[in-house]
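>>> Here is my input, please return the structure:
(chains A and B)
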Amino acid sequence: MIKKISIILIFLMGLLTSCIESNQLEKLAIIHSRGIDVSDDGQIDATMAIFQFQAQSEEFTKIVTGRGSTIKGTINHASNESDYKLVPGKLQVEVYGAEVAKDGLTPFLDTLKRDARVPDRVYLTVSDTTAKEILMTPPKKITTNIGQYLQGVIEESAANNYFPKVTLQEFGTTANMAGKDPILPVFSIGDLDVPEINSIAIFSEDKQVGTLPIEELELFNLMTRRVEARTLEITLPTEPLRDFFVKEPKEDSIHTAYTIEKGKSKIKQDKKDELSFITEINMDLSLVELSDQIDLDNPESIKAIEKEIEKKISSRYEDIMQQLQEMKADPFGYGIIYRINTDDGKLEPKEWKEIYPDINVEFKVNTRITRHGTINI
Amino acid sequence: MRRRHGSKNKKDSIFPITIDELEKTLSSKFENNPDLKFSKYDQQGQKIAVFFIDYQVSSDKLQQALLVPLLGMKKEWTNDSILNEIPINSGTKISSFEDILKKLVIGEVFIYAEGEEEAISYLLLHKESRSLEKAETESLVLGPKISFTESLATNLNIVRWRIKSTDLVLEEFKIGKTMPHDIRLVYMKSIANEEDVNTVRQRLQELDVDEIEDSVVLKQYLEDSQTNLFPQFDHTELPDRFTYAVKKGKIGILVENSPSGFIAPATLYSFLETTEDLYMRWQAGTFLRILRFIAVIFSILVTPMYIAAATYQYTIIPTQILLTIGQSRAAVPFPPIIEALILEFLLELLREAGARLPTKVGQTMGIVGGIVVGTAAVEAGITSNILIIVVAMSALSSFTIPSYLFGTTIRLIRFPMMILAGFLGFLGIIFGICWLIIHLLRLTSLGRPYLVPLYPLKLHDFNKVFFRTPFNYTYNRAQSYRPKDLIRFSKKDATKKRDIDE
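Coordinates of the predicted model:
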């Protein structure tokens, strides 16, 4: 009897529960990328690139815009423009307008983190003007739709070790971490009227405090991870190398290019002075281009070039460091080293922001040109 | 039981009897049946009757070996003289009328000399059987191609020739109360686990049925559980697969009139093994075996995953495929579950039709079904083209399963999984998988766990089940079945290097 009743109860449990909400692919408008701007009256303007599928049309991408005081509000507003249900589950790229980035990203990151339906692996980027401008790029200029284009640019540059892709998770952890600040790629409309990454956005916590030119990216990469198979362009002065030229050089600088075979960096804190840091950068280079002929068979010439590269790179690092200290942004993570060596192992972000502009960093660059190739003319 | 039957024999003896009376009694038992041949012969006033059923008896033998010497006998016809003179070795004396009737049916020839207490019977069996042919349901690229036939004698002959050892036991049983079938229990005396042999023997002896149709039916009678989906004994028509299992310590059963035998105990994995894995080099054998494992999982899961992803969890689909699926789905008016069920139903129809139709028509239908209907269904907007690929992949991977019975089980499991996916998405699939795993864990085959060696874990057996290693590592038999003799050959000797001939 009990068995019978329990079978009936289990059966009823199955019957009486409602179905879970279905998200049938062809009844959805799937947001693929989104641009966030803030208008003058404090309302959020969201521009969204969506996919929606219709039987009769080949066109499946569409740009919709929405306004509201929250991001969810903008989606609701935007759904008036689309006859389908807008869902953020496939959000891949989020672009923030320059103004938004300056005021801090935290309010916009909240819904991304809180809403479990938004993927954690959404890439964050900054526009140098408004996000709308990037997303409104006419689709004729790019071969695919804008969302996939942006995603492609980010992933492609990450795959080539060019610009590390920054996902929501990475940005969130770095922004909240004491002693390290995040960076983001900056998109701008380039010469060909298509969006391209053209500079590095430097953040202090969640606020953008400035940009650095994209040319310095390799130096950023060297500081944060092991670099392999990247091209490095350096312009050297001719004066110190005068003895080694085959012919008298015409200009007073020589352009050179190298492949970084192996590049690593290490930060050490000075034992005596806790505000002094030594950054060692070790690079194995392979010389791939010279704009003027130098007699490379002479071992002295290689040594001289190595020395000049070291000088040049240190000075570039020092420049960058000076700018970063002015911006009070620490993307290299000196604060982490500082924190590790404090007595209690704790460091408040605010505390570090006060100390940071006063730290001394000495850059020691060791390069070794392992190969230079041969040319027989 | 049998002994008691024997004592009853004496009671219903009708002998001695006159020939005419015997004919009358027999023809009353074979009413409206013209096949009983009853011939009377006369010699010096002594009468003798020879009776048999026409087509059950080899008439050549009857003529040459029985009638010629019998009628040419110079001596008086008595039971002893007949037994002595006739050059056939199987003559027995029978007095029970019931037994005579039974033996008439299976092709024995009776001689009755008037006035004797007993009749004499000779087995001059004539049995129609087809010749050995290539296996139909289980196909091999390498290795022996012949399959079992409907004749038990032929099958036993094949098995004996494949295992030339005095250790091979072919125990005889008769199953079926009214219409008995000959059953042979095949095992290696020195290897097979005693307990398992006893279990099978006990199950065979205790089986109380009127008749069995085929070995597959007997298999179902003997299985541990009737209520579940999975076959618990391995069924095969390939002698090499049968003897391979017997040689590894399993127990085989052959049934009269059935072109296939079955092997016990079985595990889930034994249905995915073929002897071909052994014929290949070990790398290829490993690859093919793993391929089949993946294929089974794939076959169960791929359509439900499509349904779940297209109905609920669209986020797991990579963007590029999302676009293609989305565009082809846009034209379809049904939800994914209905769409998939329609297509799977179509495919099952094709399969079933292909199995029932004659081979020549079947081939055409396969092409018509596969290409024409599939393309037309997409163009008509009944299904999306991605689903065609998904369903085709699922069907293709289910065809890789060597055992037809197990393949059918996999075919069945897909449908509840699809419905679960249609109602609950990935949650439903996980629910279904959990249910399946629990079910499999509880299954036994001849009292041995169904998932061994994975559960309970026997790492030593992995190279016999999940992958293959070079032969010098397979010096043991699988521990899972607890064979009497675990060691096949010396490990030390197998791994020894022989650089120089001494």
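>>> Just list the residues touching A:P138, thanks.
Contacts for A:P138 (C-beta atoms under 8 Å, 6 or more residues apart in numbering or on different chains) come out as A:D193. The C-beta positions use only the backbone N, C-alpha and C, and glycine is treated the same way.
>>> ok, which residues in the stretch 151-300 of chain A are in contact with chain B?
A:Q151 (C-beta under 8 Å from any C-beta of the partner chain).
>>> Following element in sequence after the helix or strand bottoming out on mean pLDDT in chain B, please.
Lowest on mean pLDDT, DSSP states H and E among the helices and strands of chain B sits helix B:2-11, with a mean of 45. Remark: after helix B:2-11, the chain's next helix or strand is helix B:19-29, criterion DSSP states H and E.
>>> Could you identify the helix or strand that succeeds that next one?
By DSSP H and E, the next helix or strand past helix B:19-29 is strand B:36-43.
>>> Tell me which residues are up against that following strand.
Contacts for strand B:36-43 (C-beta under 8 Å, 6+ apart): B:19, B:23, B:26-27, B:30, B:47-54, B:70-71, B:73, B:77, B:104.
>>> again, only using 7 Å
Contact with strand B:36-43 is made by B:19, B:23, B:26-27, B:30, B:47-54, B:71, B:77, as judged by C-beta atoms under 7 Å, 6 or more residues apart in numbering or on different chains.
>>> and what of stretch A:189-203?
For stretch A:189-203, using C-beta under 7 Å, 6+ apart, the contacting residues are A:101, A:126, A:133-134, A:137, A:141-142, A:150, A:153, A:157, A:163, A:175, A:181-188, A:208-214, A:217, A:220, A:324, A:327, A:329, A:331.
>>> how about it: buried residues?
A:I189, A:V194, A:P195, A:I197, A:S199, A:I200, A:A201, A:I202, A:F203 (16 or more other C-beta atoms under 10 Å in any protein chain shown).
>>> what's the closest of those to B:R160?
Of all the buried residues of stretch A:189-203, A:I197 has the smallest distance to B:R160: 78.0 Å, by C-beta to C-beta.
>>> Across the sheet, point out what pairs with the closest one.
A:F187 (DSSP bridges).
>>> For it, give its distance to A:V153.
7 Å (C-beta to C-beta, to the nearest Å).
>>> all strands for the chain, in order.
With no chain named, the answer covers chain A. A:28-38, A:44-52, A:61-68, A:85-87, A:93-96, A:123-127, A:183-189, A:195-204, A:207-213, A:230-237, A:253-269, A:276-290, A:360-371 (DSSP state E).
>>> Chain B was what I was after
Applying DSSP E to chain B gives strands spanning B:36-43, B:46-53, B:92-94, B:108-113, B:119-123, B:168-175, B:181-188, B:234-236, B:251-255, B:261-264, B:444-445, B:448-449.
>>> Run a quick neighbour tally on the closest residue to A:Q208 other than its chain neighbours.
In space, and not counting its chain neighbours, A:Q208 is closest to A:A101: 3.8 Å by C-beta to C-beta, 6 or more residues apart in numbering or on different chains. Neighbour count of A:A101, defined by other C-beta atoms under 10 Å in any protein chain shown: 27.
>>> Cool, thanks, signing off.
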